[in-house]
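# Show me the folded form of this:
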Amino acid sequence: MSREIEVRGQTVDIAIEVGLAKLGLNRSDVIVDVIDEGSRGILGLGAREAIVRLLPMTPVMPEQKPAPAPVKPAPPKPAPPKPAPPKPAPTPAKIVAPPPPKTAETTDQEDTAVPPLTSEELEQERDTAVAVLQTILGHMQIEADIHTAVTEPDDVTGQPINLIEITGPDLGVLIGPRGDTLVSLQYMARLIVSHQLKNKANFVIDVEGYRERRKQALARLAERMASKVIKQQRPVSLEPMPANERRVIHMTLRDHAAVYTQSTGEGSQRRVRIHPKR
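Numbers count the residues shown, from 1 in each chain. I've put the predicted structure just below:
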């Protein structure tokens, strides 16, 4: 049965790992609600542990064996009497140039600036996308079935979208941690299809219903956090999310009578903040 648990740790990351070990789940299988980021205090005084709540997106299987709890790091050693010579700044691991900055108005609606497609163009996009995905899966030596459908008009754009569902055994490799691999697969496939059709592609790829499960979990999180904001009468920030997931939060609470939402932060740290209406 699905259940949510609240755990503590020296840091947020350690608390999350402890919770995942208790649930026997991966990071991509849960929604994380950071209740308290904790504090190291000053010289050990006033320190407090981080507190997080984990909400599984799928039922927790009783036969799964939990992973061993992470080993707590040893306490920091006292500083040496003489300071070490300054070290040069480390070279950033990411060498790919970042994309151009986006305005606050467009960041959470990246897929909205796409011209509407005719039924013939939707069909052409669908067939091209399926062919591209079959080639990619073939190179990855993954056996899977591909199903297609056209969604109802989107709540924001008012336009239907091609939905491409990939099904089959052991497809977790196509989802990745927190859906990162699925996001990359969709980005790459859209790029290839756009190049072939000379028109921006806007189809959505899902694997074994992951996106729908994630969407439902995010909607439940949004409602629960809205209730928390109403009760405490102070804003609450959610964990950093990609644009499509932030949009789920915005859309879930857009007509709420007592709260409103706003995205804050930059890049990978951009998140939704829920405010009480005064």
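# ranges for the strands of the stretch 101-250 of the chain?
Per DSSP state E, counting those that start in this stretch, the stretch 101-250 of the chain carries strands over the ranges 145-150, 162-167, 204-207, 236-237.
# The ones you listed: which one's closest to residue 263?
Closest to residue 263 of the strands of the stretch 101-250 of the chain, according to CB to CB: strand 236-237, at 10.4 Å. Heads up, the C-betas are built off the backbone N, CA and C, glycines and all.
# neighbouring strands for that closest one, and are they parallel or not?
Looking at strand 236-237 with DSSP bridges, its partner strands are strand 271-276 (antiparallel).
# which residues are in contact with stretch 187-195?
With CB atoms under 8 Å, 6 or more residues apart in numbering as the test, stretch 187-195 has contacts from 125, 128, 129, 132, 133, 136, 200, 201, 202, 203, 205.
# Which ones among those residues lie within helices?
Per DSSP state H, helices hold the following members of the contacts of stretch 187-195: 125, 128, 129, 132, 133, 136.
# With pLDDT, neighbour count and distance to residue 268 as new columns, can the contacts of stretch 187-195 be given to me in CSV?
Listed next are the contacts of stretch 187-195 as CSV, based on pLDDT from 0 to 100; neighbours: other CB atoms under 10 Å; distance: CB to CB, whole Å:
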residue, pLDDT, neighbour count, distance to residue 268
125, 94, 24, 29
128, 95, 19, 30
129, 95, 25, 27
132, 95, 20, 27
133, 95, 22, 26
136, 93, 15, 25
200, 89, 15, 24
201, 91, 22, 24
202, 88, 23, 23
203, 91, 23, 24
205, 93, 23, 21
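# For these, which two are the farthest from each other?
Most distant of these, by CB to CB, are 136 and 200, 19.3 Å apart.
# So, low pLDDT: which residues of the stretch 1-150 of the chain?
For the stretch 1-150 of the chain, applying pLDDT under 70 flags the ranges 1-2, 41-47, 58-115.
# For residue 179, which of the strands of the stretch 101-250 of the chain is the nearest?
Among the strands of the stretch 101-250 of the chain, the nearest to residue 179 by CB to CB is strand 204-207 (8.8 Å).
# And that closest one, what's buried?
Residues 204, 205, 206, 207 are the ones in strand 204-207 that count as buried (16 or more other CB atoms under 10 Å).
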